[in-house]
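> With the sequence up front, the predicted model follows.
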Amino acid sequence: MRIFLDTANLDELRKAAAWGVVDGVTTNPSLIAKEGVPMAEQVASICAIVDGPISAEVVATDVEGMIRDGREVAKIHPNIIVKCPLTRAGIQACSTLSKEAIRVNVTLCFSPAQALLAAKAGAWCVSPFVGRLDDIGLEGIGLIRDICRIYSNYGFKTQVLAASLRSPLHVVQAAEAGAHIGTMPFKVLDQMFNHPLTDKGLDQFLRDYAKAFPEGPAGQ
Ligand code: G3P
């Protein structure tokens, strides 16, 4: 599973990119607004940090507006994926943009039926929101499993991008379910490193070595 960061914060992106495990970035209007820099400018800065697919969302809600915005956003950088919401207009815009070889991430997907429409419209990927389904008492990961099965039944090329992942457990469950991509906040990626036995083991190794060779690795 490819790992994307769900953030528009440049410091977080620089830090995570240096680890060498980030394959791409997803943003949404809320994340961009938090950074206080207009979308085109912020997304261009993100493209300079991470070399991989970078999702940038349109804010128009009508078909013509989404197509116009999508074409504009796609010009920012070759790595841009245009994000359209899963509405009737969004699916129509996805269909048009996809035919122009502009890659589209259909976002705000909450049901397998919606995901089927995204695939039919030629989306590059669909973004089912795991955490937001959990928030209303449903099992978000079940949606990832259902979409992966449906896409695989028919050989759809649309990738499943598990979004709204709120914990390392969500990430692992999305990978088990077969998601092609998982996008997560910086905090969740950072938490994935942690294990108390890693810390304990490393501490023991270093103490044992230092006891045997107090002078250091070169033995001088
Ligand atoms: O970018 C879309 C999605 O990942 C948002 O996550 O935690 O706000 O539901 P969340």
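Structure received. Numbering: from 1, shown residues only.
> Assign the most centrally placed residue in the chain to helix, strand or coil.
Among the residues of the chain, the one closest to the centroid is Thr183, at 2.7 Å (Cα atoms, centre = their mean). Following DSSP: H, G, I helix; E, B strand; the rest coil, we place Thr183 in the strand state.
> mind listing what the nearest residue to it once chain neighbours are set aside touches?
Of all residues not flanking Thr183 in the chain, Phe4 sits nearest, at 3.9 Å (Cβ to Cβ, 6 or more residues apart in numbering). Placement of C-beta: from N, CA and C, glycine included. Applying Cβ atoms under 8 Å, 6 or more residues apart in numbering to Phe4 gives the contacts 22-26, 52-53, 55, 161, 181-184.
> so which helix or strand takes in Phe4?
Secondary-structure element containing Phe4, defined by DSSP states H and E: strand 2-6.
> so the residue nearest to the centre of the chain makes contact with Thr27?
No. Judged on Cβ atoms under 8 Å, Thr183 makes no contact with Thr27 at a distance of 9.8 Å.
> Near the ligand, which residues of the chain are found?
6, 26, 28, 129, 131-132, 163-164, 166, 183 (Cβ under 6 Å from any ligand atom).
> okay, the residues you listed in a markdown table with secondary structure, pLDDT and distance to Cys148 next?
Formatted as a markdown table, the residues of the chain next to the ligand follow (DSSP: H, G, I helix; E, B strand; the rest coil; pLDDT from 0 to 100; distance: Cβ to Cβ, whole Å):
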| residue | secondary structure | pLDDT | distance to Cys148 |
| --- | --- | --- | --- |
| Asp6 | strand | 98 | 20 |
| Thr26 | strand | 98 | 18 |
| Asn28 | coil | 96 | 23 |
| Phe129 | strand | 98 | 15 |
| Gly131 | helix | 98 | 18 |
| Arg132 | helix | 98 | 19 |
| Ala163 | strand | 98 | 14 |
| Ser164 | coil | 98 | 16 |
| Arg166 | coil | 98 | 20 |
| Thr183 | strand | 98 | 16 |
